[in-house]
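Participant: quick one, what's the 3D model for this:
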Amino acid sequence: MLTYESFVRMVSRMRRLNVTGDMITSRRQAAEIRAFTTQDTLLGEHRRTGAQVTTEAVRVEHRKTTVRLVGRGLAGLGTALAYGVLGVLLYTGAMPLALAGAAAVAMRTASTAVSTTVFSANRLFEHSFYLDMLTSCLTQARGYHRAAATRRLPQNPQLIELHEVSFSYPGKDEPALHRISLTIRRGEVVALVGENGSGKSTLAKVITGLYLPDEGQVCRDGVDIAKVDQRELHSEVAVVLQNPVEWPMTAENNVRIGRLERPDPDGSVLAAAAVDSGTDAVVADLPRGWDSVLSREFQNGCDLSGGQWQRISVARGLYRDAPLLVADEPTAAMDAPGRARRVPIPSLTAA
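Facilitator: Numbers count the residues shown, from 1 in each chain. Next up, the predicted model:
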């Protein structure tokens, strides 16, 4: 019980300790931390939180030691009293020596068994709290689980329709989307324009099926995407995000991961995606070309700028060649020539 209560009290501080530790040691934040001279602030917060966690751990161990000491003291007192009574009975002749010896062995065995039983019962009682927490989390997670597929997803849809779609993030009172209706036809390029936080990215994720609406429907050729297989749905979507995943592997695999199963024996598809996105210029500057590992976590790994990663992301989306391509500010970190580049999107412009 003591350990569980301490865990509940300290879980947020442990998370804060991990966050500050990652910020102190991460290469990504290093330049800005130095530029804003926040090293002392971060170290101070890390040490303060670490001291709180350490103090709590010491306090819990002191309490556990006190409980053990009291328990063992009472057990020892009871054992001493039992042996005292046994000695008196033996001294007065009320109990034969052989019987007294057997009683002493039985008391010792019983004491060990009782100690083991109490220890196991205490562990079982304490672990039941963790089990209750796990059960609660699993129950909550099942509420987010998508229903089994009952419809097949139309291939290469001609029409995507949103009917009175609303969506709210968990724990938020105000909806991110409220009764949105929209029609997108095959071959159209639709731009979502609005202020920061107005729900553009959320709407894009609802259109792609990454998020399911709380109310309303998103349909492809009349089929509600909530009723189709999730993996089949996502296989028909390509996304190019403002902050793409920086996969710690070679430049080639960073593009091919857009659709690993796509056949490209001669590398022509990869080359075309690289040329159309400007990734060919990025790869040309890498020491080992396409075989360069794009992560400093590995020896001889390479760092890329934000704009270079966005070019990789655009190439990844083109290589996926999905019927629906969603780009969420994909050129925000690029230089002017990169933003001015016209990227062909055959999956949207095909008839």
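
Participant: for residue 324, name its beta-bridge partners.
Facilitator: According to DSSP bridges, residue 237 are recorded as the beta-bridge partners of residue 324.

Participant: likewise residue 160?
Facilitator: Beta-bridge pairing of residue 160 under DSSP bridges involves residue 184, residue 220.

Participant: what of the one 5 residues further on?
Facilitator: The residues listed as beta-bridge partners of residue 165 by DSSP bridges are residue 180.

Participant: can you map out the strands along this structure?
Facilitator: For the chain, strands defined by DSSP state E occupy the ranges 159-167, 177-185, 215-220, 223-224, 237-240, 324-327.

Participant: and the second one, what's buried?
Facilitator: Right, the one you point to is strand 177-185. Neighbour-count burial for strand 177-185, counted by 16 or more other Cβ atoms under 10 Å, picks out 177, 180, 184. (Each C-beta comes from the backbone N, C-alpha and C, glycine too.)

Participant: per-residue confidence averaged over the lengthiest helix in the chain?
Facilitator: With secondary structure taken from DSSP state H, the chain has its longest helix at helix 39-91. What helix 39-91 shows for mean pLDDT is 85.

Participant: tell me how this structure divides into domains.
Facilitator: With automatic domain parsing as the criterion, the domains of the chain are listed as 2-142, 159-233, 237-349.

Participant: nearest to residue 149, of the ones you listed?
Facilitator: Proximity to residue 149 (Cβ to Cβ) singles out domain 159-233 among the domains of the chain, at 4.0 Å.

Participant: and the end-to-end length of that closest one?
Facilitator: 15 Å (Cα to Cα, to the nearest Å).

Participant: so for that domain, what's the average pLDDT?
Facilitator: The model assigns domain 159-233 a mean pLDDT of 90.

Participant: now stretch 133-152
Facilitator: The model assigns stretch 133-152 a mean pLDDT of 82.

Participant: any idea how far residue 18 lies from residue 276?
Facilitator: Between residue 18 and residue 276 the computed distance is 40 Å (Cβ to Cβ, to the nearest Å).

Participant: more crowded one of these two?
Facilitator: Legend: neighbour count by other Cβ atoms under 10 Å for residue 18 and residue 276, higher for residue 276 (19 against 12).

Participant: measure the more buried one to residue 270 for me?
Facilitator: Counting by Cβ to Cβ, the gap between residue 276 and residue 270 amounts to 11 Å.
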